[in-house]
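1. Quick one, fold the following:
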Amino acid sequence: MTKQKRQMHLGAFLQDVGHHIGAWRHPDAPRNAGMNLEHFKLLARQAEDAKFDMIFLGDQMTFQYEEDEHIGRTTRTVNFEPLTLLSALAMLTRRIGLVATASTSYNEPFNVARKFASLDHISGGRAGWNIVTSWTLGEALNFNRDEVMDHGLRYQRAQEFVDVVQGLWDSWEDDALLNDKKTGLFFDPDKLHVLDHQGRFFKVRGPLNISRAIQGQPVLVQAGSSSDGQDLAARKAEVIFTAQRSLAEAQGFYRSVKEQMQAYGRQPHQLKIMPGVFPIVGESREHAGEKFEQLQELVDPEIGWPVLARHLGGFDLSGYPIDGPVPEFPLSQGNQSRQRLLADFARREKLTIRQLYWHVTGTRGHWAIFGTASDIADQLEERFTGGGADGFNIMAPWLPGGLLEFIHQVVPELRRRGLFRTEYSGSTLREHLGLSAPPNRYTQPAAGAAL
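-> Numbers count the residues shown, from 1 in each chain. Sure thing, here's the model as predicted:
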């Protein structure tokens, strides 16, 4: 029997009108997209028609750019709460996975466990939880704190948080609910399990008051590439979103995380690494570059400089010579992996401050690829076949046009090369990703062979 060719996974990272900070001013961008259900319905259905593995929603429980409170220059201020939005989209789609972000810093494990188990049942087994630790001061101030929790402490809390959530998801065995009207026995008490967790950060008795998820457990997704983030991914994650720019960086990250999994008794195929990619499709590379420059012209410097400072951990470059080199800057308690990535990129490419400014305001530090559909497919194929990725999280520069161009031009090219599916072979997110359903810890040892 001929072995099936390995195929990449694709996610659609939906950010109101797109990932470019000036996208809301694009002539084709809908007004008030962040609060427009019809807009998200169109995007979800288009991604599902293209057989994407998932749609993905990020989240911050404050303005994405807190500085904009006094400027008013971005749309990253009003957006649907992601689980609420995905519950609505679950009713409007049938197969595509639904991944939402929920913070371990400003939630309780019981709430998160219950909400994502509910989404899994509502959607027929398509839920995924993107685990984040939250690093902005605005979020801290919204949740009874005066400062952001130390980076290492955030991840220690996150490790225990995920343990508790998974324990609660195992409260009920698969066949615990009998619903026997004749005997009057609704569930088998022997198949209900009380977690009774008592740890450093959490004390949670359980059990969860919702039956076991259709997928066994929702898929665990994690975004973060710091050493703490990699450890969490190696131990728990089933999908990781990351932001390496070069093939060499991607290969190194891919190899490192997969090797770290061995310390936790896990196999490399149990984790899918899906870098974010910011594609601009054009009739030529020059045309794609022109389209990007048109977007860049929509960025107001009044918000551009604060955006750059945000991604550098609060380090403000606006007072330095704009055509001079990027100076050294210290890591903050914020998103350390992004800060380090941008510092390394600036050094390697010998960027001026002006060049780094345009890069960050456009792509937020993610891998940007420009060109024809064939050019973009070449670059995705190189990283996929070269040991740098298991798939990609598509970050359309503007919506809906940027995503539709990728779907209608790049996806057919990937299919022509045998690199992406033409049809779904399953109905759950785990089936799309080739991940097995984790067994209930109370019935058999944890395992994770791929489907």
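2. Could I get the full set of strands for this protein?
-> Assigned by DSSP state E, the chain shows strands spanning 9-13, 54-57, 97-103, 127-132, 177-180, 185-187, 197-198, 203-204, 219-223, 239-242, 272-281, 367-371, 391-394.
3. could these go into JSON lines alongside mean neighbour count, distance to residue 28 and mean pLDDT?
-> No exception for glycine: its C-beta is placed from N, CA and C like everyone else's. Below are the strands of the chain laid out as JSON lines (neighbours: other C-beta atoms under 10 Å; distance: least, C-beta to C-beta, whole Å; pLDDT from 0 to 100):
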{"stretch": "strand 9-13", "mean neighbour count": "25", "distance to residue 28": "18", "mean pLDDT": "98"}
{"stretch": "strand 54-57", "mean neighbour count": "26", "distance to residue 28": "20", "mean pLDDT": "98"}
{"stretch": "strand 97-103", "mean neighbour count": "25", "distance to residue 28": "26", "mean pLDDT": "97"}
{"stretch": "strand 127-132", "mean neighbour count": "26", "distance to residue 28": "28", "mean pLDDT": "97"}
{"stretch": "strand 177-180", "mean neighbour count": "12", "distance to residue 28": "49", "mean pLDDT": "97"}
{"stretch": "strand 185-187", "mean neighbour count": "13", "distance to residue 28": "53", "mean pLDDT": "97"}
{"stretch": "strand 197-198", "mean neighbour count": "12", "distance to residue 28": "50", "mean pLDDT": "98"}
{"stretch": "strand 203-204", "mean neighbour count": "14", "distance to residue 28": "47", "mean pLDDT": "98"}
{"stretch": "strand 219-223", "mean neighbour count": "26", "distance to residue 28": "28", "mean pLDDT": "95"}
{"stretch": "strand 239-242", "mean neighbour count": "28", "distance to residue 28": "27", "mean pLDDT": "95"}
{"stretch": "strand 272-281", "mean neighbour count": "25", "distance to residue 28": "14", "mean pLDDT": "96"}
{"stretch": "strand 367-371", "mean neighbour count": "22", "distance to residue 28": "19", "mean pLDDT": "94"}
{"stretch": "strand 391-394", "mean neighbour count": "25", "distance to residue 28": "18", "mean pLDDT": "98"}
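4. Determine which of these approaches residue 425 most closely.
-> strand 9-13 (12.7 Å; C-beta to C-beta).
5. quick check: angle from that closest one to strand 219-223?
-> On the basis of axes from the mean of the first three to the mean of the last three C-alpha atoms, to 10 degrees, strand 9-13 is oriented at 70 degrees to strand 219-223.
6. neighbouring strands for strand 9-13, and are they parallel or not?
-> strand 54-57 (parallel), strand 391-394 (parallel) (DSSP bridges).
7. was I right about residue 283 contacting residue 372?
-> Yes. Judged on C-beta atoms under 8 Å, residue 283 makes contact with residue 372 at a distance of 6.9 Å.
8. quick one, which of these two is more surrounded?
-> residue 372 (18 against 12; other C-beta atoms under 10 Å).
9. my read: that one touches residue 281, true?
-> Yes. Here residue 372 reaches residue 281: they are 7.1 Å apart, a contact under C-beta under 8 Å.
10. can you list residues touching both of those two?
-> Listed as contacting both residue 372 and residue 281 by C-beta atoms under 8 Å, 6 or more residues apart in numbering are residue 288.
11. Tell me which of the strands of the chain lies nearest to residue 358.
-> Judging these by C-beta to C-beta, what sits closest to residue 358 is strand 367-371, at 10.9 Å.
12. What lies in contact with that closest one?
-> So strand 367-371 is contacted by 243-245, 275-282, 284-285, 288-289, 292, 359, 362, 375-376, 379-380 (C-beta under 8 Å, 6+ apart).
13. from the middle of its chain, how far away would it be?
-> 19 Å (C-alpha atoms, centre = their mean, to the nearest Å).
14. same deal with stretch 416-427?
-> 21 Å.
15. what about that stretch, start to end distance?
-> 24 Å (C-alpha to C-alpha, to the nearest Å).
16. per-residue confidence averaged over that stretch?
-> What stretch 416-427 shows for mean pLDDT is 98.
17. try stretch 74-91
-> Mean predicted lDDT for stretch 74-91 stands at 94.
18. Ends of it, what's the gap?
-> 30 Å.
19. what does that stretch rub up against?
-> 16-17, 21, 24, 32-35, 37, 40-41, 44, 55, 57-59, 63-65, 68-69, 98, 100-102, 115-116, 118-119, 122-124, 126-127, 303.
20. Need the buried ones from these selected in ChimeraX.
-> In ChimeraX, a selection of the buried entries from the contacts of stretch 74-91 looks like this (16 or more other C-beta atoms under 10 Å):
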select :16,17,21,24,33,34,40,41,44,55,57,58,59,63,64,65,68,98,100,101,102,115,116,118,119,122,123,126,127,303
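21. nearest residue to the most centrally placed residue in the chain other than its sequence neighbours?
-> The centroid of the chain falls nearest to residue 241 when counting by C-alpha atoms, centre = their mean (5.2 Å). Spatial nearest neighbour of residue 241, chain neighbours left out: residue 223 (4.3 Å); criterion: C-beta to C-beta, 6 or more residues apart in numbering.
22. Hmm, residue 237 and that neighbour touching each other?
-> No. Counting by C-beta under 8 Å, residue 223 does not reach residue 237; the two are 9.2 Å apart.
23. Between those two, which contacts overlap?
-> Going by C-beta under 8 Å, 6+ apart, residues that sit against residue 223 and also against residue 237 are residue 131.
24. about what we covered before: as CSV, the strands of the chain with distance to residue 76 would be great.
-> Below are the strands of the chain laid out as CSV (distance: least, C-beta to C-beta, whole Å):
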stretch, distance to residue 76
strand 9-13, 14
strand 54-57, 13
strand 97-103, 14
strand 127-132, 16
strand 177-180, 42
strand 185-187, 45
strand 197-198, 36
strand 203-204, 33
strand 219-223, 17
strand 239-242, 18
strand 272-281, 16
strand 367-371, 19
strand 391-394, 18
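25. For residue 405, find the nearest of the ones you listed.
-> Comparing the strands of the chain by C-beta to C-beta, strand 272-281 comes nearest, at 4.4 Å.
26. hmm, back to that, can you list the strands paired with strand 9-13 in a markdown table and add distance to residue 190?
-> What follows is these, written out as a markdown table (distance: least, C-beta to C-beta, whole Å):
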| stretch | distance to residue 190 |
| --- | --- |
| strand 54-57 | 36 |
| strand 391-394 | 41 |
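27. okay but residue 364 is in contact with residue 311, surely?
-> Yes. Using C-beta under 8 Å, residue 364 is in contact with residue 311, at 6.4 Å.
28. any low-confidence regions in the stretch 151-300 of the chain?
-> For the stretch 151-300 of the chain, no stretch has pLDDT under 70.
29. Where do the helices of it begin and end?
-> Along the stretch 151-300 of the chain, counting by DSSP state H, counting those that start in this stretch, helices occupy 151-169, 227-235, 247-260, 285-296.
30. who does the longest one touch, helix- and strand-wise?
-> Contact analysis of helix 151-169 by 3 or more C-beta pairs under 8 Å, 6 or more residues apart in numbering; DSSP states H and E lists helix 109-123, strand 127-132, strand 197-198, helix 227-235 as its packing neighbours.
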